[in-house]
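Student: I'd like to go over a predicted model; first the sequence, then the structure.
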Amino acid sequence: MKTYENQGNKDTRSGFGAGLTELGQTNENVVALCADLIGSLKMDDFKKNHPERFYQVGIAEANMIGLAAGLTIGGKIPFTGTFANFSTGRVYDQIRQSVAYSDKNVKICASHAGLTLGEDGATHQILEDIGLMKMLPGMTVINPCDYNQTKAATIAIAEHHGPVYLRFGRPKVANFTPFDQKFEIGKALHLVDGTDVTIVATGHLVWEALEAVKTLNEKGISAEVINIHTIKPLDAKAIIDSVSKTKCIVTAEEHNHLGGLGESVARVLSQHKPTPQEFIATNDTFGESGTPAQLMEKYGLNANAIVKACEKVIKRK
Amino acid sequence: MATTQQLEDITTQVRRDILRMVHKVNSGHPGGSLGCAEFFVTLYNEIMDRKDGFDMDGIGEDLFFLSNGHISPVYYSVLARTGYFPVNELNTFRLINSRLQGHPTTHEDLPGVRIASGSLGQGMSVALGAAQAKKLNGDNHLVYSLHGDGELQEGQNWEAIMYAAGNKVDNIISTIDLNGQQIDGSTDTVLPLGSLRDKFEAFGWTVVDIEEGNNVDAILKGMAEAKSLTGKGKPVCVLLKTVMGNGVDFMMHTHAWHGKAPNDEQLAEGLSQNPETLGDY
């Protein structure tokens, strides 16, 4: 079985910052906007290196989305940066009309997504953003799993014409994907081969899935792990091919079970290959204050929960 | 340069287009469209420096953004009559499979339109972004935008207004259609706007008044003044005082025709007040 080594904990938002820094050097059309969260989004380097291409918009996210849409008219590739909650729910209609419906080449980059934002609590912990964004026609939705993948995704979306929602997080988590792995939008990554159950995970839950595999192996269960970094468009073939072998599936995400990755997978499978599925996701609830680890434990979003879900779904075959 | 008479003749034809478009589908927004007919005709024929043809980036030409997208009839009529698409296509307004959607969109690739609008309050932010792109591109052309007065009740405008002054976006001329009306009644009864001059000036804009917003000469003079005030470190706002429903006597000075189409008799009456000049589509 293939194993993955943690190269050292790093936050995915720093991967975004590093990707943006590189884009600043390689693509002169890339511009960046931030709504008073430069440090949190790790946009300091881009601002320092390219002040003429950086727009501090203040605490005014609706205006930021409109400005970004306008900047595309003239050939710029705007990257907006704020927390996931303020990147989506707060500005849904601005994104819907001025970006998605208008087919503008805006990259909406959202940090502090999900419960792992931690102590700030539910006002800032959006668990509905994937659903909001994937429902918009033409919107690409990406949730990378670690620092390296977030950096690669940031660079890749500049080459993709069209609106993109790029979701990442606050805490330092395992960095385990190869630093030079090319990021292909919409192409799932096969991490571990297995025969008894498929685990399809996105974002912070991918490392948890890999940890779960170790426990499952000790229990004699062979789990296959797929990293779905692109939730829309979804790599349906990778999922169908895997469950054709394993006959059951667990989806894992740091998001509400309504509207998230799990529902997208269920839609594909119900149409093409009905398969027993368990959902690792929050259960139609808001979050609360706590440390990231406490929250992921309380809301059932960690390796232990994945192990239990795998054992349960295997019995349903 | 067109004469006053020529611009008025075009405006008369545009009024006919507006009435016929909304009458045919029994829907659309004639009141605000008629109120802004002189402004659109003057803007597109005399004020803006436009290239032939249409490309989305619009580098090397002035750009226009319509924020209050519901006045699409006047926008479409003027775009068609300045050569962006065939005049006959006005016949498809609001019909299924048309490029002339109820509210303007880029989704159907209609030449002349660079952003979708309809959900109010978003156009100034977009226009400011396009103005910033012009600065990055070293393009000295201007960005124009139009907004309803009632539309300024949307908070996003004030984010944009604050941003524009704070960042010295001085290559934009945002015009407010000051007709004093909105769907539920006068702006004073729905949610009073107070002094827009005071508000814009307090936010750091330069303000130009056009008291006779349905007079092409007054518009030419006011917009020339506005243009002369660009490039001086401050965004420019034009307060354009118009009469809703202008040019069709029974539609004037009321919000009743904000979103209502004339019936057959009313259409005939409206058209008789605006005789054909350039030829109907």
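Tutor: Yep, it's here. Numbering: from 1, shown residues only, chains lettered A, B, ... in the order given.

Student: For the chain, which segments count as strands?
Tutor: Looking at chain A here, since you left the chain open. A:10-11, A:30-34, A:54-56, A:77-83, A:107-111, A:140-142, A:164-167, A:172-173, A:189-192, A:197-201, A:223-227, A:230-232, A:249-256, A:277-282 (DSSP state E).

Student: Chain B is the one I meant
Tutor: For chain B, applying DSSP E gives strands covering B:63-66, B:143-148, B:172-178, B:181-182, B:185-186, B:206-210, B:236-241.

Student: and chain A, which of these is closest to it?
Tutor: Closest of those to chain A is strand B:63-66, at 7.1 Å (criterion: CB to the nearest CB). (Each C-beta comes from the backbone N, C-alpha and C, glycine too.)

Student: just checking, what packs against that closest one?
Tutor: Applying 3 or more CB pairs under 8 Å, 6 or more residues apart in numbering or on different chains; DSSP states H and E, one finds that strand B:63-66 contacts helix B:123-136, strand B:143-148.

Student: I'd like to know which of the ones you listed is closest to B:Gly166.
Tutor: Closest approach to B:Gly166 among the helices and strands packed on strand B:63-66 (CB to CB): helix B:123-136, 11.0 Å.

Student: List the single closest residue to A:Ser111 in space, sequence neighbours excluded.
Tutor: The shortest distance from A:Ser111 to any non-neighbouring residue, by CB to CB, 6 or more residues apart in numbering or on different chains, is to A:Arg13 (4.3 Å).

Student: Tell me which residues touch the one you found, please.
Tutor: Applying CB atoms under 8 Å, 6 or more residues apart in numbering or on different chains to A:Arg13 gives the contacts A:40-42, A:111-112, A:150, A:168-170.

Student: Then A:Asp120?
Tutor: Taking CB under 8 Å, 6+ apart, we find A:Asp120 in contact with A:112, A:289.

Student: quick one: the nearest residue to B:Ile47 once chain neighbours are set aside and B:Val74, what's the gap?
Tutor: Leaving aside its sequence neighbours, B:Ile47 sits nearest to B:Met223 (CB to CB, 6+ apart; 4.8 Å). Relative to B:Val74, B:Met223 is positioned 17 Å away (CB to CB, to the nearest Å).

Student: Of those two, which one has the most company?
Tutor: Neighbour count, other CB atoms under 10 Å in any protein chain shown: between B:Met223 and B:Val74, B:Val74 has more, with 28 against 24.

Student: Okay, buried residues for stretch B:7-25 please.
Tutor: Buried residues in stretch B:7-25, defined by neighbour count with 16 or more other CB atoms under 10 Å in any protein chain shown: B:7-24.

Student: Stretch A:114-123 too?
Tutor: Within stretch A:114-123, the residues scored as buried using 16+ other CB under 10 Å are A:114-118.

Student: Let's have the residues you listed in TSV, adding distance to A:Ala32 and pLDDT.
Tutor: Output for the buried residues of stretch A:114-123, formatted as TSV (distance: CB to CB, whole Å; pLDDT from 0 to 100):
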residue	distance to A:Ala32	pLDDT
A:Gly114	23	98
A:Leu115	27	98
A:Thr116	24	97
A:Leu117	22	96
A:Gly118	25	96
